[in-house]
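Trainee: Could you look at this predicted model? Sequence included:
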Amino acid sequence: MKRREALRTMGTAAVGIAVLPTSPVGDFRVGGTQEATELLIRGGRVVNADGSRDADVRIRGDIITQIGPGLAPAPGARVIDVSDHLVIPGGIDPHAHLQGAFVDDLATGTAAAVAGGITTVGTFANPAAGESPVEAMDRCLAEVERNAIGDVFFHASLWPPGPETTAAMPELAGRGQPSHKVFMTRRDFATYRGAFIEALEAAREAGVVTLMHCEDGQVLAAVLRRLRASGRTAIRQHYAESRPVVAEVLATQEAVALCELTGAPMHLVHLSAERALDAARTPATRALPLTIETRTLYLYFTEEWLRGPLGPLYVGQPPLRSAADVEAMWAGLADGRIDLLATDHAPWMREQKLDPSLDVGRLRPGVSDLRFMLPVLYSEGVRRGRITAERFVEVTSTAAARTFGLFPERGVLREGSLADITILDPNLERVVTAEDDPSRSDYTPFEGWPITGWPVITIRRGEVVYEDGRVIGEPGSGRPATRLPRLG
Ligand SMILES: [Zn+2]
């Protein structure tokens, strides 16, 4: 209860309802007056992870106040008629890069997110020179209220582990940001194993989730040394080979063992390979506080894409894998062994990705995909019968809300929850083009794909921020997404 009140005082005061002039918008009928304090979403199919029903949704301020059939609008309410549309919880992407060398910031990154039906984005609070991890967190939280359109949370960066890491855990939890990310790709990872175990113990006590990038740094270094020695460093020919599945399997096994040893909540980011999934999900690991994410790229592309003339555009870490791995990611997503889907949005310009001076040891990994994660998954997943609409909601919103301490404030449509809502037209057909992506990146891996099922309206805390093909939310209207610690 306490947390709910805290969020109320944080979120409500400044929120107004966007009221547009009465006009036809697609097949919606939009009406209302300047005094509207209520938003009524009428005639849609409300989809949650645990079931769907035909119902109206009443929003007052930033809260869902009522869900049920045949709701009458209050005087002055704006009514949005959404018959034949899905009404789903706003997407939550816990893994995007909206800072540093990447070409998006909180403004353009969250613009791409809300255009794609994602209302809450998790990104990284990387310390600047001379800054402590907790100071970095405070700076990043302050930046949200200046630049973001969507709501944002941050994972801290605490490497190398030591006494300061242990001390930082309750500080992060106290700021409502109980998570941090660790790169097992670091060559010194094994050196710090003992200190890292102590950090995990402190994380468990404070309810802080540890995100793990599972590729073994020393294995990667050994393979790179071999490739360099024989002059095989071109991305198109050798990138997949440079980061073998065994590097991911070995690191995944170690991460899971450390989770078992310490009981600390752990989240494996961007898992890409069937053997890594099998290593993480065994009868012995069933009871661990372990969640697994895969990433949009690993559902649609195989390593053959890396070998084409535009191969470097598809470089991410880990690399694209085999067709069997792609099938395993779909199977895991459908059967629950994989908990959720994330973008790992890491945007670059096309020219930067195709820079001829890059090689397997010098990379610009990542792609822009906040804009298209939901529509592509709806089209390729739900419409093709690989996952249900309920599972779609679970892997794009509810599971992330549960994993990162946002539930039930977010990740579900129920009375009392925040009004983070996406209206999705399941029959709308459109072809993907990068011009339709507010990210600064100038290409998308899905260019030219015919997709059926698009977000058409995005509501963030009761405010319409995307409608009629345009982002209308203002930079600075986003807020930090405050989270609960994840305690045993
Ligand atoms: Zn990442």
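Mentor: Looks like it arrived, so ask away.
Trainee: contacting residues around the residue nearest to Pro445 when sequence neighbours are not counted?
Mentor: Spatial nearest neighbour of Pro445, chain neighbours left out: Val367 (5.3 Å); criterion: C-beta to C-beta, 6 or more residues apart in numbering. All C-beta spots, glycine's among them, are computed from the backbone N, C-alpha and C. Counting by C-beta atoms under 8 Å, 6 or more residues apart in numbering, Val367 touches Leu297, Leu313, Tyr314, Gly316, His345, Ala346, Pro347, Trp348, Ser441, Thr444, Pro445.
Trainee: Show me how to select, in ChimeraX, the buried members of these.
Mentor: Command for ChimeraX that selects the buried part of these, burial taken from 16 or more other C-beta atoms under 10 Å:
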select :297,313,314,316,345,346,347,348,441,444,445
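Trainee: Redo the contacts of Val367 as a markdown table? Include secondary structure and pLDDT.
Mentor: Shown next, in a markdown table, are those (DSSP: H, G, I helix; E, B strand; the rest coil; pLDDT from 0 to 100):
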| residue | secondary structure | pLDDT |
| --- | --- | --- |
| Leu297 | helix | 97 |
| Leu313 | helix | 97 |
| Tyr314 | helix | 97 |
| Gly316 | coil | 96 |
| His345 | strand | 98 |
| Ala346 | coil | 97 |
| Pro347 | coil | 97 |
| Trp348 | coil | 97 |
| Ser441 | coil | 97 |
| Thr444 | coil | 97 |
| Pro445 | coil | 97 |
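Trainee: and the residue nearest to Pro445, how far is that from Ile59?
Mentor: Distance of Val367 to Ile59, given as C-beta to C-beta, to the nearest Å: 34 Å.
Trainee: Likewise for Glu429?
Mentor: Distance from Glu429 to Ile59, by C-beta to C-beta: 29 Å.
Trainee: now, among the contacts of Val367, which is nearest to Gln237?
Mentor: Nearest to Gln237 among the contacts of Val367 is Tyr314, at 14.1 Å by C-beta to C-beta.
Trainee: Using the three-state scheme, assign the residue nearest to the closest one when sequence neighbours are not counted.
Mentor: Sequence neighbours aside, Trp305 is the residue nearest to Tyr314 in space, at 4.8 Å (criterion: C-beta to C-beta, 6+ apart). Here Trp305 is recorded as helix under DSSP: H, G, I helix; E, B strand; the rest coil.
Trainee: okay, now Trp305: neighbour count?
Mentor: Residues near Trp305, counting by other C-beta atoms under 10 Å, number 18.
Trainee: give me every residue that touches it.
Mentor: Trp305 touches Gly311, Tyr314, Leu320, counting by C-beta under 8 Å, 6+ apart.
Trainee: Contacts only, for the first one.
Mentor: Gly311 makes contact with Ile235, Arg236, Tyr239, Trp305, according to C-beta under 8 Å, 6+ apart.
Trainee: now Arg391
Mentor: With C-beta under 8 Å, 6+ apart, Arg391 has these contacts: Ala49, Leu333, Ala334.
Trainee: Out of those, grab the one that's most surrounded.
Mentor: Ranked by the number of neighbours (other C-beta under 10 Å), these place Leu333 first, at 26 neighbours.
Trainee: picking that back up, when Glu429 and Ile59 are compared, which one has more neighbours?
Mentor: Neighbours were counted for Glu429 and for Ile59 using other C-beta under 10 Å; Ile59 has more, 25 against 11.
Trainee: if I look at the more buried one, how far off is Tyr239?
Mentor: As judged by C-beta to C-beta, Ile59 and Tyr239 stand 47 Å apart.
Trainee: Which single one of the contacts of Arg391 is nearest to Arg483?
Mentor: Once C-beta to C-beta is applied, the member of the contacts of Arg391 that ends up nearest Arg483 is Ala49, at 18.6 Å.
Trainee: For that closest one, give its distance to Arg187.
Mentor: 40 Å.
Trainee: circling back: tell me, what's the model's pLDDT at the residue nearest to Tyr314?
Mentor: Each residue has a pLDDT score; the one for Trp305 is 96.
Trainee: next one: Thr37
Mentor: 84.
Trainee: tell me, how many neighbours does it end up with?
Mentor: 15.
Trainee: Poorly predicted segments of the chain, please.
Mentor: 1-36 (pLDDT under 70).
Trainee: if we go to 80?
Mentor: 1-36, 488 (pLDDT under 80).
Trainee: can you give me the helices for the stretch 101-250 of the chain?
Mentor: Assigned by DSSP state H, counting those that start in this stretch, the stretch 101-250 of the chain shows helices spanning 106-115, 133-147, 163-174, 193-206, 217-229, 235-242, 245-262.
Trainee: For my notes, please list the contacts of Arg391 in JSON lines and give secondary structure and distance to Val456 for each entry.
Mentor: Listed next are those as JSON lines, based on DSSP: H, G, I helix; E, B strand; the rest coil; distance: C-beta to C-beta, whole Å:
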{"residue": "Ala49", "secondary structure": "coil", "distance to Val456": "21"}
{"residue": "Leu333", "secondary structure": "helix", "distance to Val456": "24"}
{"residue": "Ala334", "secondary structure": "helix", "distance to Val456": "26"}
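Trainee: Return the member of those residues nearest to Pro89.
Mentor: Nearest member of these to Pro89, counting by C-beta to C-beta, is Ala49, at 8.3 Å.
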